[in-house]
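K.L.:
missing the sequence, but the structure's below:
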């Protein structure tokens with residue numbers, strides 16, 4: 001089941017399985033944020049991230065801190081089809097033309 005379809009209980013169970021693995025290899029800090037596969041995250045899973053104090057996530061709309069959107073999405077889409085791959089490459093090229101900015105300092109929109 002994809003993160004875009006998970007209930008809060010399913011998201012809680014997945015995160016509970018991952019946390020000890022990250023801690024065992026010293027990557028606790030990596031769990032401050034979460035980027036679900038294909039940027040798809042159900043409302044219930046998002047609520048569970050908030051309950052577990054996951055600081056931020058990145059969804060289709062960009063980097064999110066709770067209900068606040070901090071910055072636009074950084075990369076693109078995916079590569080499940082030729083068109084999706086081409087659009088992702090084009091989006092990445094266009095993103096490279098933008099002025100660099102530190103998204104850690106982004107303000108909500």
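P.N.:
Thanks, I have it. Note that the coordinates shown come from a computational prediction; the quantities given were computed from them, not determined experimentally.

K.L.:
what's the pLDDT at the residue nearest the centre of the chain?
P.N.:
By C-alpha atoms, centre = their mean, the mean C-alpha position of the chain lies nearest to residue 35, the distance being 2.3 Å. Per-residue pLDDT puts residue 35 at 83.

K.L.:
that one reaches residue 58, doesn't it?
P.N.:
Yes. With contacts counted by C-beta atoms under 8 Å, residue 35 reaches residue 58, the gap being 4.4 Å. The C-beta positions use only the backbone N, C-alpha and C, and glycine is treated the same way.

K.L.:
give me the common contacts of the two.
P.N.:
Shared contacts of residue 35 and residue 58 (C-beta atoms under 8 Å, 6 or more residues apart in numbering): none.

K.L.:
can you pull the phi/psi pair for the residue of the chain most remote from its centre?
P.N.:
Computed with C-alpha atoms, centre = their mean, the residue of the chain farthest from its C-alpha average is residue 82, at 23.3 Å. Backbone geometry at residue 82, expressed as degrees, to the nearest 10, gives phi -60, psi -40.
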